[in-house]
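Enquirer: Predicted model, plus sequence, below.
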Amino acid sequence: MEISEVRRRLIHRMDQARREGVAQREAVGAAREDFDRFLAHVATPVFRQVHGALKAERLRFTLSTPAGSVQLSLDGAPDDAISVELDTASRPPSVIGRATFTRGRRVESVERPLRAGAAVAELTDEDVLEFILSQIGPFVER
């Protein structure tokens, strides 16, 4: 293979990577704005409602809103939690739900988009509630 061909293809790929990087940074910026609105007006209110319902059932959970996420964690086991956050590494950026719980020495974790293929602005309170309900079992079965 000629060095000129290698160089031409390398330069082409470098230009393409730069363009993709600019597009990803723009997409992440827009997604962060949408996520901030989603977090304040959709996800946090749903987590608060679930927290209130769990409290009414005498189940002890703590609701927290660390920067850029909302989390419901089991009292006495702060590593056991359900949370929602923005995944800026995915293309396009997406909102992921994460559930982590321990059983003895074993740590189990689930991480998935709230709704596959949905833009941040398209997510609803129903998507948040569905994720929480799909993951709450191990936390309340004790």
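Expert: Nice, thanks for sending it over.
Enquirer: The residue most central in space within the chain bridge partners, please.
Expert: Centroid-nearest residue in the chain, with C-alpha atoms, centre = their mean: I96, separated by 2.4 Å. Following DSSP bridges, I96 is listed with bridge partners E85, P113.
Enquirer: Could you tell me how far it is located from I3?
Expert: I96 sits 44 Å away from I3, going by C-beta to C-beta, to the nearest Å. The C-beta positions use only the backbone N, C-alpha and C, and glycine is treated the same way.
Enquirer: Repeat that for E26.
Expert: Look at E26 and I3: by C-beta to C-beta, they are 35 Å apart.
Enquirer: the more surrounded of these two?
Expert: Ranked by neighbour count (other C-beta atoms under 10 Å), E26 and I3 place E26 first, with 10 against 7.
Enquirer: List the buried residues in the lowest-mean-pLDDT helix or strand in the chain.
Expert: Every helix and strand in the chain was compared by mean pLDDT, DSSP states H and E; the lowest is helix 137-140, with a mean of 84. Going by neighbour count (16 or more other C-beta atoms under 10 Å), the buried part of helix 137-140 is P138, F139.
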